[in-house]
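Student: I would like to see how this sequence folds:
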Amino acid sequence: MTLEKKNRSLHWFNMVAVNERIMPPQHLSNEYPRCSMLSVPETAFLPTDHDIEQIRDEFIMLFARTIVTYLEDFSGLRLFVDFYLPHEYSQEAAVMSHPVPLGIVEWNENKQTDMIEILKYVQQRYVPYTSEGPVVRVQLTGDLLTAERERAALRSLVDSSKAVDRVEGLLPHAEDFHCSMNFLDLIFNKFYKYSSGHNDCGTLLNLRALLGRKNVTSDPIHNFTPCNSFLEDVLDGHILAIAMHHFGMEDGVQVGVVDKVPEEERKKWFLDAVGEMVDSFVYTCLKAGLEKLRGGVQQVINGTYRSGRTVRRPRQQQNVVTSGGDIHAEPLTSGPSGAALQCHSLSPSHSLDAAHHGSDYTLTDHACLLNSITLEDTSSRADETHSARSHDKDEVFDYAANLITLALIEKDFKDASREMDGSRLFRLWKLKMLLFKENNRSKYALEGLYFQADQYALLSEQEAHRQLWNRGFNTKGGRGNNIALDLMVEHQNNYVKDMVHHQGANLTFKSAQVASRSALPFEIIMKNLDSQLGIKPESGEHTMASRRNDILKIAKHLLANSVVINKPGRVHSSFPKGTENTFSRLDPAKFVKWVCHQREQLHTHLGLQLH
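Tutor: Next up, the predicted model:
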């Protein structure tokens, strides 16, 4: 490094085009938007009963795959298990993808002005236009951060008079791999604590110590592969422990379990038994949580939702304030969609001044101020009575059940991505959106809402079909060989960086652009040379030792400590409040308020685009 030649930090933007293997049917309309965002009800953003039933069927197959793979007594039942869940476009999804490197551009996506230039560059070269607007709008995919910046750049152009200046030919959205990374981080934040150890059997840290997985850390985003494989092993270990307990195989081996069942009845017997396991540990609790949330959302919409707060006058009985300002000994009811009740007794000297008291100042706060009433959150009283009620619950079992639920959702999500099953990914995005929202992962919760808004209203029928079904890249052809598009881009970026790095001090933008555009032809040439020389091609997957023994060790450890057996009264020392049921911390009123706000924002932005 000299005065003239110093290390540089380069932020160039690399692009890759991918062919769409699944084309929309011709009868679908290309008119957009299909409907107003305001006409989409709040309940549309919640999984339906049909969604949950389908997820249950998928969970059963995931359970069954693990059982027939790792328990020798059940290996003969593999014929009854679908290792590739079929969907309406399975044949097209098995076709090998063909990427086209578009090269890098000398703009930095971190700067909004540069991002605008990137969008205009892409539209000018790759989007067909007429005087009336784009002939076909092009999907622009990437990770969440890139999609965020693209949307911000598009919003800054909505005041332009022409469609081409508003860059209406591009449709940005985030893909699935980075969603998996952040969901894995959510799971570790919820279930991985350094304070737990040998005394908390079945916790992630306890199982990490059991297996000696020193490469597993509390930061799965920057340590994805070992953390992801560890969670998969933990899930499979729990599934085996549940199956071994269900079939009376406490020692892991019991010859003749399957042989006792007539051959013609084995498929129904096995799948019914697996269904009972899924219902006991996952489905019943998951469905109950969703039904409670859906009921609360409907009550908020109807104006009959009762919040978790009561009001109390010191040294007197429980009281509340009604819309007339009177005190009554009954729960307080919010208005429609969680809105504050109207006050009809405000005097000029007691006006409801949000600017003075803050944006969260409501009628309830105003009435409490006038009547010297203090608010009390009933959840605090629930915490106070926790120790008295702990003998009715088994926190060890609840921890395991909740861990299995979230890990199964993630495993189903990855499996859907490998199959490029758009409808299954959409169902799981809806479920993940709620979990992201519950755990304060606002950006990915918002991306889940955007995905649904695109499918319900904002995109045309053909565009929605393209977005839903073309979410993968098949690396070598065949079923189950798809990867998420943003993961493919990460691979391409690493390949280009490696080529650019070898240029050293001779690196210029022009040479880097040539390298990025020649990356794919160069890779093809190298594969042909390897083939002619008889060199075995790389699999494209991480090489790992067999994890069978690790999984069986987890299962036996869980069985020995009765982790998968409900025994009320047990507690986790590092989880004093236990692991809460799924969706229990998602407030229906706040959820409706959030959906309404985002829906209005999308409606306003779309109106500006179409002016």
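
Student: which ones are touching the residue minimising distance to the centre of the chain?
Tutor: For the chain, the residue nearest the mean C-alpha position is residue 432 (3.8 Å; Cα atoms, centre = their mean). Residue 432 sits next to 179, 183, 409, 413, 444, 448 when contact means Cβ atoms under 8 Å, 6 or more residues apart in numbering. Every C-beta, even on glycine, is put in place using the N, C-alpha and C of the backbone.

Student: can you redo the residues you listed as a markdown table with neighbour count?
Tutor: Shown next, in a markdown table, are the contacts of residue 432 (neighbours: other Cβ atoms under 10 Å):
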| residue | neighbour count |
| --- | --- |
| 179 | 27 |
| 183 | 24 |
| 409 | 21 |
| 413 | 22 |
| 444 | 23 |
| 448 | 25 |
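
Student: name the SS class of residue 122, please.
Tutor: Using DSSP: H, G, I helix; E, B strand; the rest coil, the structure places residue 122 in helix.

Student: and it, how many residues sit next to it?
Tutor: 21 (other Cβ atoms under 10 Å).

Student: again, but for the one 3 residues further on
Tutor: Number of residues near residue 125 (other Cβ under 10 Å) recorded here: 9.

Student: pLDDT score for it?
Tutor: Residue 125 is assigned a predicted lDDT (pLDDT) of 93.

Student: how about residue 450?
Tutor: pLDDT for residue 450: 96.

Student: distance of the closest residue to it other than its chain neighbours from residue 141?
Tutor: Nearest residue to residue 450, sequence neighbours excluded (Cβ to Cβ, 6 or more residues apart in numbering): residue 173, at 6.8 Å. Note on residue 173: its distance to residue 141, by Cβ to Cβ, to the nearest Å, is 6 Å.

Student: overlap of the contact sets of these two?
Tutor: residue 147.

Student: where does this structure dip in pLDDT?
Tutor: 1, 197-198, 251-255, 307-391, 538-545, 576-579, 607-611 (pLDDT under 70).

Student: circling back: in a helix, the residue nearest to the centre of the chain, correct?
Tutor: Yes: the assignment for residue 432 is a helix, going by three-state DSSP.

Student: from now on call the first residue 48
Tutor: Shifting the count to begin at 48 puts that one at residue 479.

Student: looking at the contacts of residue 479, which are in helices?
Tutor: With DSSP state H as the criterion, helices contain 226, 230, 456, 460, 491, 495 from among the contacts of residue 479.

Student: let me have those residues in TSV, extended by distance to residue 96.
Tutor: Formatted as TSV, the ones in helices among the contacts of residue 479 follow (distance: Cβ to Cβ, whole Å):
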residue	distance to residue 96
226	24
230	23
456	17
460	20
491	25
495	19
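
Student: tell me which of the residues you listed is nearest to residue 562?
Tutor: residue 226 (30.1 Å; Cβ to Cβ).

Student: right, and that closest one touches residue 490 too?
Tutor: No: Residue 226 lies out of contact with residue 490 (Cβ atoms under 8 Å); the separation is 10.4 Å.

Student: find residues that contact each of the two.
Tutor: The contact sets of residue 226 and residue 490 overlap at residue 191 (Cβ under 8 Å, 6+ apart).

Student: can you say which helix or strand has residue 149 in it?
Tutor: Here residue 149 sits within strand 146-152, counting by DSSP states H and E.

Student: just checking, residue 629 touches residue 336?
Tutor: Yes: under the criterion of Cβ under 8 Å, residue 629 makes contact with residue 336 at 4.6 Å.

Student: between those two, which has more neighbouring residues?
Tutor: residue 629 (23 against 19).

Student: now do the same contact list for that one.
Tutor: If a contact means Cβ under 8 Å, 6+ apart, then residue 629 has 332-333, 336, 449, 452-453, 482 as its contacts.

Student: go on, residue 469?
Tutor: Contacts of residue 469 were listed using Cβ under 8 Å, 6+ apart, and they are 134, 136, 515-518.

Student: report the two of the residues you listed separated the most.
Tutor: 134 and 517 (13.5 Å).

Student: the two: which has the busier surroundings?
Tutor: When neighbours are counted by other Cβ under 10 Å, residue 517 comes out ahead of the other of residue 134 and residue 517, with 24 against 16.

Student: verify the stated contact: the more buried one with residue 68.
Tutor: Yes: using Cβ under 8 Å, residue 517 is in contact with residue 68, at 6.8 Å.

Student: quick one: residue 160 and residue 189, what's the gap?
Tutor: 19 Å.

Student: counting neighbours, go ahead and name the busier of the two.
Tutor: A count of neighbours by other Cβ under 10 Å puts residue 189 above the other of residue 160 and residue 189, at 22 against 11.

Student: who does the more buried one bridge with?
Tutor: residue 221 (DSSP bridges).

Student: for the closest residue to residue 201 other than its chain neighbours, give me its contacts.
Tutor: Leaving aside its chain neighbours, residue 201 sits nearest to residue 214 (6.0 Å; criterion: Cβ to Cβ, 6+ apart). By Cβ under 8 Å, 6+ apart, the contact set of residue 214 is 163, 166-167, 170, 200-201, 204.

Student: relative to residue 247, how far out is residue 214?
Tutor: Applying Cβ to Cβ to residue 214 and residue 247 gives a distance of 53 Å.

Student: again, but for residue 601
Tutor: Remark: distance between residue 601 and residue 247 (Cβ to Cβ) = 15 Å.

Student: so for the two, which sits in the more crowded spot?
Tutor: residue 601 (24 against 20).

Student: look up the closest residue to the more buried one, ignoring the ones flanking it.
Tutor: Residue nearest to residue 601 in three dimensions, not counting chain neighbours: residue 284, with 2.8 Å by Cβ to Cβ, 6+ apart.

Student: which helix or strand lies directly C-terminal to the helix or strand hosting the one you found?
Tutor: Per DSSP H and E: residue 284 is located in helix 271-293. Using DSSP H and E, the helix or strand that follows helix 271-293 towards the C-terminus is helix 313-325.

Student: contacts for that following helix, please.
Tutor: Contacts for helix 313-325 (Cβ under 8 Å, 6+ apart): 103, 106-107, 110-111, 114, 121, 124, 127, 286, 289-290, 293-294, 305, 308.

Student: correct me, but residue 340 touches residue 635?
Tutor: Yes: with contacts counted by Cβ under 8 Å, residue 340 reaches residue 635, the gap being 6.2 Å.
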